[in-house]
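Student: Fold the stuff below for me.
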Amino acid sequence: MHALQKPHFLNLLFQRIIALLEIGLVCTICKLFGTADGTIAAILLLFLHRRTALIQMLKSLILWQSRFRVVVLFTGVIWILILLLPQLLSFAGLSRPDDSSFAEQIQGDLAALVSILLKVWTTVAFGEEMLGRVFLIDRFEAVFKGIPGATALSVILASILFGLAHAYQGPSGVILAGTIGIILSVLYLQQKRSIWTNVVVHGMVDTVAMLLLFFGVKFL
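Tutor: Below you'll find the model as predicted:
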């Protein structure tokens, strides 16, 4: 029995190491080259040994029907969080998330608004959901395979990395983005790991934010 368990243990250890290396590689690519390149790298890595996850994602697009109520519910929940959490964090002595880079870029500039909305619905909405939910949760589950609560732990760690990716907004921005990451992860799992409802919700949240910034409305 011991002889049989050893190869299994080594194989499981190897899978965990590979998963961690892949997470590190994709995070590094995102840091150096941006979300689009990181998304491509994540898709290629999943294609190597998790083709079923990609096939299921494509099937869910073909079969996906409008989930208007779910989109409205999760978009609303995230916006309530955006409006309330920074205030609570300010009571704890943390400055509000810094959105000045976006505000200065698009306020009153229609061409800049259109440009960034196109990016929101391509690179940002799809790319961040592909990375933050599909890739990271899958790879962390490989790291914690066989451990009780592996999915919950994977969601937490994936959301922490998602929050850290927004470090340019300051500590409160990291906390806010990480919390939003947990909500989007719950949606992803609730939708049986279909990414498309997530993409719509993510796109709606960012679209509302960009429109408010365009009109000079301060919401953080």
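
Student: ok, residue 132 - contacts?
Tutor: For residue 132, the contact set (C-beta atoms under 8 Å, 6 or more residues apart in numbering) comprises 158-159, 161-162, 165, 181, 184-185. C-beta: built from backbone N, CA, C; applies to glycine.

Student: What about the residues you listed, which one has the most neighbours?
Tutor: residue 158 (28 neighbours; other C-beta atoms under 10 Å).

Student: the bottom helix or strand of the chain by mean pLDDT?
Tutor: The element with the least model confidence among the helices and strands of the chain, by mean pLDDT, DSSP states H and E, is helix 51-63, at a mean of 75.

Student: ok now it, how far from the chain's centre?
Tutor: Relative to its parent chain, helix 51-63 has a centroid offset of 18 Å by C-alpha atoms, centre = their mean, to the nearest Å.

Student: Stretch 133-141 now?
Tutor: On C-alpha atoms, centre = their mean, the centre of stretch 133-141 falls 10 Å from the chain's centre.

Student: who touches it?
Tutor: For stretch 133-141, contacts defined as C-beta under 8 Å, 6+ apart pick out 19-20, 22-23, 26, 42, 45-46, 50, 53, 57, 150-151, 153-155, 157-158, 161-162, 184-185, 188, 193, 195, 198.

Student: With stretch 56-74 instead?
Tutor: Here stretch 56-74 makes contact (C-beta under 8 Å, 6+ apart) with 134, 183-184, 187, 191-197, 200-201, 204.

Student: Just the buried positions in the longest helix along the chain, please.
Tutor: Secondary structure of the chain read by DSSP state H shows that its longest helix is helix 2-33. Residues 16, 18-19, 22-23, 26-27, 29-30 are the ones in helix 2-33 that count as buried (16 or more other C-beta atoms under 10 Å).

Student: I'd like these written out as JSON lines, with distance to residue 82 added.
Tutor: Shown next, in JSON lines, are these (distance: C-beta to C-beta, whole Å):
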{"residue": "16", "distance to residue 82": "35"}
{"residue": "18", "distance to residue 82": "36"}
{"residue": "19", "distance to residue 82": "32"}
{"residue": "22", "distance to residue 82": "31"}
{"residue": "23", "distance to residue 82": "27"}
{"residue": "26", "distance to residue 82": "27"}
{"residue": "27", "distance to residue 82": "25"}
{"residue": "29", "distance to residue 82": "28"}
{"residue": "30", "distance to residue 82": "23"}
